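sequence-free structure coming up:
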């Protein structure tokens, strides 16, 4: 039995995942990950770390990546609602600099898979949100990197209606714009040959 709809994004490698929810008067049950079913569509990742964050409305975390030990992430929301975004940073990719975004919330139970080679971030659009994610590599702060959330070249359409202030960490206020990044020497970002 297949317990997921594994939907490809317009950007190669990204999936929007809809788990099948089995509910009755007692509540519900669902799988959030199944190695065999994910592998059937080529998602052969191994997760090594699980994380959880809690944030209030207007908090924007991102856009983050690691230059080395790049992390694939399977993300979901267990309380509240966020707008989750991935930006393609794979040099040579036909979709380099493009983004994909999805609303994740407790009700729709959608998940978002972001592979290595992407920047990731999210904006909390409910009063509060609890965000959970599985990672394919360990956090390596010495390789932290980031892209500005409002980089005009990427032009993410953040849903800002009803949000008076964007709340950023000091680190996230100092990220570079896309045109200032050079990730070509890092293997997880230099995976596509240059077209001649």
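Alright, I've got the coordinates. Not measured: the values here are computed from a predicted model.

from residue 59, how far out is the residue at the greatest distance from the centre of the chain?
Most distant residue from the mean C-alpha position of the chain: residue 25, 33.0 Å away (CA atoms, centre = their mean). Between residue 25 and residue 59 the distance is 36 Å, computed by CB to CB, to the nearest Å. Glycine gets a C-beta too; all of them are placed from N, C-alpha and C.

repeat for residue 51
Distance, residue 51 to residue 59, using CB to CB: 15 Å.

between those two, which one's more packed in?
More crowded of residue 51 and residue 59, by other CB atoms under 10 Å: residue 59, with 23 against 13.

beta partners of the more buried one?
For residue 59, the beta-bridge partners under DSSP bridges are residue 167.

who's in contact with it?
The contact partners of residue 59, by CB atoms under 8 Å, 6 or more residues apart in numbering, come to 123-124, 167.

make a ChimeraX selection of the buried ones in these.
Selection of buried members from those for ChimeraX, criterion 16 or more other CB atoms under 10 Å:
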select :123,124
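
nearest to residue 105, of the contacts of residue 59?
residue 124 (10.7 Å; CB to CB).

mind checking pLDDT for that closest one?
For residue 124, the pLDDT comes out at 98.

with residue 196 instead?
Residue 196 is given a pLDDT of 33.

where does pLDDT dip in this structure?
1, 192-196 (pLDDT under 70).

ranges for the helices of it?
Applying DSSP state H to the chain gives helices spanning 35-39.

residues contacting residue 67?
So residue 67 contacts 143-145, 183, 186, 189 (CB under 8 Å, 6+ apart).

same question but for residue 112, I mixed them up
Counting by CB under 8 Å, 6+ apart, the residues that residue 112 touches are 14-17, 73-76, 84, 86, 102, 104.

kindly recompute the last result at 6 Å.
75, 84, 102 (CB atoms under 6 Å, 6 or more residues apart in numbering).

tabulate those (a markdown table), appending distance to residue 32 and neighbour count.
Formatted as a markdown table, the contacts of residue 112 follow (distance: CB to CB, whole Å; neighbours: other CB atoms under 10 Å):
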| residue | distance to residue 32 | neighbour count |
| --- | --- | --- |
| 75 | 11 | 23 |
| 84 | 15 | 26 |
| 102 | 16 | 20 |
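
want to throw these into a markdown table with distance to residue 156?
Putting the contacts of residue 112 into a markdown table (distance: CB to CB, whole Å) gives the following:
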| residue | distance to residue 156 |
| --- | --- |
| 75 | 16 |
| 84 | 11 |
| 102 | 12 |
